[in-house]
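**Student:** fold the stuff below for me.
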Amino acid sequence: MDRLNKIMNIYNKILELENDGKVDYDVNYRGGHYGLSRGDVSDLLGLGGYANYLPSKVGAFCNYLGGGLRGSITTSDYNKNLPKKYVLKVIAFTNACKKRYKEIEDGIGLNDDEDANGETNWDAWGTARSRKAGVVSGY
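**Tutor:** Model (predicted):
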């Protein structure tokens, strides 16, 4: 339960930062990203001198596969030498970003079964299947 509380605290902090305009994100029908700079993540998670063990932008992203299809929502990686106590915090952060990315997609109708005209939303249909298959990138 303690781990779940930590994840929810990170998620709630991300929402606060988003409301304050501090989260960098762009979510649309051609993929996108959601997250913070490595320095902001380091400050948020208390990583101290380990900020450089993270990529310059940390969070979740989605690649455009072409033909209206989006790939799986995936998360940033980190240097394998990052101490385990920090790895777990980074994973919790990136998973919270992934959850929020999906919420934004759902909120703007990208995953709706029907489009605005009541027709089948084939882009959402295909994206759901590509994600189920684990497709991240078409390259």
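**Student:** could you list the low-confidence segments of this protein?
**Tutor:** Along the chain, the parts satisfying pLDDT under 70 run over 1-5, 7, 139.
**Student:** next, the buried residues of the biggest helix by length in the chain.
**Tutor:** Taking DSSP state H as the assignment, the helix of the chain that covers the most residues is helix 84-107. Residues of helix 84-107 classed as buried: 86, 89-90, 92-94, 96-98, 100-102, 104-105 (neighbour count, 16 or more other C-beta atoms under 10 Å). For every residue, glycine as well, the C-beta is placed using N, CA and C.
**Student:** make TSV out of the residues you listed and add distance to Asn9.
**Tutor:** Output for those, formatted as TSV (distance: C-beta to C-beta, whole Å):
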residue	distance to Asn9
Tyr86	16
Lys89	11
Val90	15
Ala92	9
Phe93	11
Thr94	15
Ala96	9
Cys97	14
Lys98	16
Arg100	14
Tyr101	19
Lys102	19
Ile104	20
Glu105	23
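**Student:** nearest to Gly32, of those?
**Tutor:** For those, the residue nearest Gly32 by C-beta to C-beta is Tyr101; the value is 7.5 Å.
**Student:** I figured the closest one hits Val27, correct?
**Tutor:** Yes: the criterion here is C-beta atoms under 8 Å, and Tyr101 meets it with Val27 at 6.1 Å.
**Student:** give the intersection of the neighbour lists for the two.
**Tutor:** Contact with both Tyr101 and Val27 is made by residues His33, Tyr34, Cys62, according to C-beta atoms under 8 Å, 6 or more residues apart in numbering.
**Student:** so which of those comes closest to Asn9?
**Tutor:** Of the shared contacts of Tyr101 and Val27, the one sitting nearest to Asn9 (C-beta to C-beta) turns out to be Tyr34, at 18.0 Å.
**Student:** what about the helices in the protein?
**Tutor:** 2-19, 38-45, 84-107, 122-132.
**Student:** so which bits of the last one are buried?
**Tutor:** Put plainly, it is helix 122-132. Counting neighbours by 16+ other C-beta under 10 Å, one finds that the buried residues in helix 122-132 are Asp123, Ala124, Thr127, Ser130, Arg131.
**Student:** since that was my last question, I'll sign off now.
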